[in-house]
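Asker: Give me a 3D structure for the following:
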Amino acid sequence: MLIRSIEKFLRQTGMPATKFGRLATHDPRFVLDLRNGRIPRAGTQARVGTFMDSYRGEHHVG
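Answerer: Next up, the predicted model:
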């Protein structure tokens, strides 16, 4: 599930959920909405995954 991988990413990086949403999807409420049951489109899921991979590579995160 996407929300699980995002929550793990947030713990590893210490990034606030609103900052993640702004950087990954230009929506500061993105993570909160996911926590409340929002189901993102496939393209959004791919973009979020790419963002997390890119961020980990640039910042040497776990």
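Asker: Export the longest helix anywhere in the chain to CSV, keeping only CA atoms.
Answerer: Longest helix in the chain by number of residues, with DSSP state H as the criterion: helix 42-59. Provided in CSV are the C-alpha atoms of helix 42-59 (Å, rounded to 0.1, in the frame of the first residue of the first chain):
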residue,chain,number,x,y,z
ALA,A,42,-2.0,5.2,-10.8
GLY,A,43,-0.1,8.1,-12.3
THR,A,44,0.0,9.8,-8.9
GLN,A,45,1.2,6.7,-7.2
ALA,A,46,4.0,6.4,-9.8
ARG,A,47,5.0,10.0,-9.3
VAL,A,48,5.1,9.6,-5.5
GLY,A,49,7.2,6.5,-5.8
THR,A,50,9.6,8.3,-8.1
PHE,A,51,9.8,11.2,-5.7
MET,A,52,10.7,9.0,-2.8
ASP,A,53,13.3,7.1,-4.7
SER,A,54,14.9,10.3,-6.0
TYR,A,55,14.9,11.9,-2.6
ARG,A,56,16.5,8.8,-1.0
GLY,A,57,19.2,8.9,-3.7
GLU,A,58,19.9,12.6,-3.3
HIS,A,59,19.9,12.5,0.6
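Asker: what's in contact with that helix?
Answerer: For helix 42-59, the surrounding residues in contact (CB atoms under 8 Å, 6 or more residues apart in numbering) are 2, 5, 6, 9, 13, 23, 24, 25, 40, 61, 62. Placement of C-beta: from N, CA and C, glycine included.
Asker: Tell me which two in these are the farthest apart.
Answerer: 40 and 62 (23.6 Å; CB to CB).
Asker: Tell me which of the two has more neighbours.
Answerer: The neighbour comparison of residue 40 against residue 62 (other CB atoms under 10 Å) goes to residue 40, with 17 against 9.
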